[in-house]
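> Fold the stuff below for me.
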Amino acid sequence: MKKVLFATTALMATASVAAADVNLSGSARFGMQHNSAWATETILESRITLNIDVSTETDGGLELGGRIRLRSNEFTGSNTNGANLYVKSGGFKLTVGNICGAFECMPGIYAGSTGLNGQGWSNLAINTIGAGFFDWDAYSSNGLGADGAEVEYTAGDFKAHLSYGTLGAAAFHRTALTLAYTFGDWTAVLGLQEGDRVGGVGDKTVLTVNGKLGDFGVGIAYADNNGTDKIVLNGKYTMGATTISGYIADEDTAGIDTSYGLTVSYDLGGALLVGGIAEEANAGGTTDTRASAGIKFKF
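Got it, this is the predicted structure:
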């Protein structure tokens, strides 16, 4: 009986392994970064990220899976983040746990990002001095994330993304919805976010349009961040292995200067050599100069 039990257990384990799919992927970057506001203005930059994705499929064709991530930065060391789990059928996908979030995964929202590491991320219309930065649910590479749920639905050129998450120990909640449509070389996205914080803190409405005009990539984003308006223009041009990209951003908070940035990258064939500079607006009418240069790659 023991032999039969062991054989049956081994067969079940083998069948599970055969049916499952485990994939490793990730990215890395290293170089230098500079910020005029730091006491030590120039430091080394290094990061490596490893994604572990698992998936399987039921006899009925239902896909189930999840992801965990390992990340090591120059200052924080190595961390394992909170997992997410999903179920997918056709164009429908439900994810729970450490979700990406409708705003974080909005097509084109990061267009115009500069340098090796984003250099402050003022290219995002939903980041403002007046209403705060990164005030939306997003996948966390080092923590538990929003501990929420999201639904994505794709039908042809149309995609809808609805997410619901919890904000920190205070247990505030926010709901976000994005509707995206691609027509030819262009994608337009409308996004809405509402929460339960006093005074509508974190509420946002955003519209982005990104596409191509000949050899040029161009885009525009506008956001109302609970009364703080911001508009961002971005563009890029590729000639051979070299790509030049940049952005200019302006918000209507009194005393805030315009932010702008420029990046030049060279395709090494499997990796990118990147250098960028940005002038980031601060409260009180001051600006910081940020710059970075180095190599980044995916695997």
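> And for the nearest residue to Phe183 once chain neighbours are set aside, the neighbour number?
Of all residues not flanking Phe183 in the chain, Asp157 sits nearest, at 6.6 Å (Cβ to Cβ, 6 or more residues apart in numbering). The C-beta positions use only the backbone N, C-alpha and C, and glycine is treated the same way. A total of 11 residues lie near Asp157 under the criterion other Cβ atoms under 10 Å.
> List the residues that contact Pro107.
Going by Cβ atoms under 8 Å, 6 or more residues apart in numbering, Pro107 touches 159, 180, 187, 189, 208, 210.
> closest to Gly31 among those?
Nearest to Gly31, judged by Cβ to Cβ, of the contacts of Pro107 is Asn210 at 26.9 Å.
> ranges for the helices of the chain?
2-19 (DSSP state H).
> how much space is there between the most centrally placed residue in it and Gly91?
By Cα atoms, centre = their mean, the chain has its centre lying nearest to Glu104, at 5.0 Å. Distance of Glu104 to Gly91, computed by Cβ to Cβ, to the nearest Å: 20 Å.
> now, which of the contacts of Pro107 lie within strands?
Among those, the members falling in strands (DSSP state E) are 159, 180, 187, 189, 208, 210.
> how about a markdown table for these, with neighbour count, distance to Gly148 and pLDDT added?
Below are the ones in strands among the contacts of Pro107 laid out as a markdown table (neighbours: other Cβ atoms under 10 Å; distance: Cβ to Cβ, whole Å; pLDDT from 0 to 100):
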| residue | neighbour count | distance to Gly148 | pLDDT |
| --- | --- | --- | --- |
| Lys159 | 19 | 19 | 98 |
| Ala180 | 20 | 20 | 98 |
| Thr187 | 18 | 25 | 98 |
| Val189 | 22 | 20 | 98 |
| Thr208 | 26 | 22 | 98 |
| Asn210 | 22 | 26 | 98 |
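> pLDDT below threshold where in the stretch 51-200 of the chain?
Scanning the stretch 51-200 of the chain for pLDDT under 70 picks out the ranges 168-170.
> and the residue nearest to Trp186 when sequence neighbours are not counted, what does it touch?
The shortest distance from Trp186 to any non-neighbouring residue, by Cβ to Cβ, 6+ apart, is to Gly211 (3.3 Å). The contact partners of Gly211, taken as Cβ under 8 Å, 6+ apart, are 184-187, 217-219.
> Between these, which sits nearest Gly294?
Closest approach between those and Gly294, by Cβ to Cβ: Gly217, at 22.8 Å.
> Quick check: beta-bridge partners of the closest one?
Bridge pairing for Gly217 (DSSP bridges) gives the partners Lys212, Lys236.
> quick revisit: the residue nearest to the centre of the chain against Asp135, yeah?
No: counting by Cβ atoms under 8 Å, Asp135 is not a contact partner of Glu104; they are 11.3 Å apart.
> returning to that earlier point: quick check, nearest of the contacts of Gly211 to Tyr139?
Once Cβ to Cβ is applied, the member of the contacts of Gly211 that ends up nearest Tyr139 is Thr187, at 20.7 Å.
> The closest one and Ile43: what is the separation?
36 Å.
> ok, now Ile248?
27 Å.
> So which of the two has more stuff around it?
Set Ile248 next to Ile43 and count neighbours by other Cβ under 10 Å: Ile248 wins out with 18 against 13.
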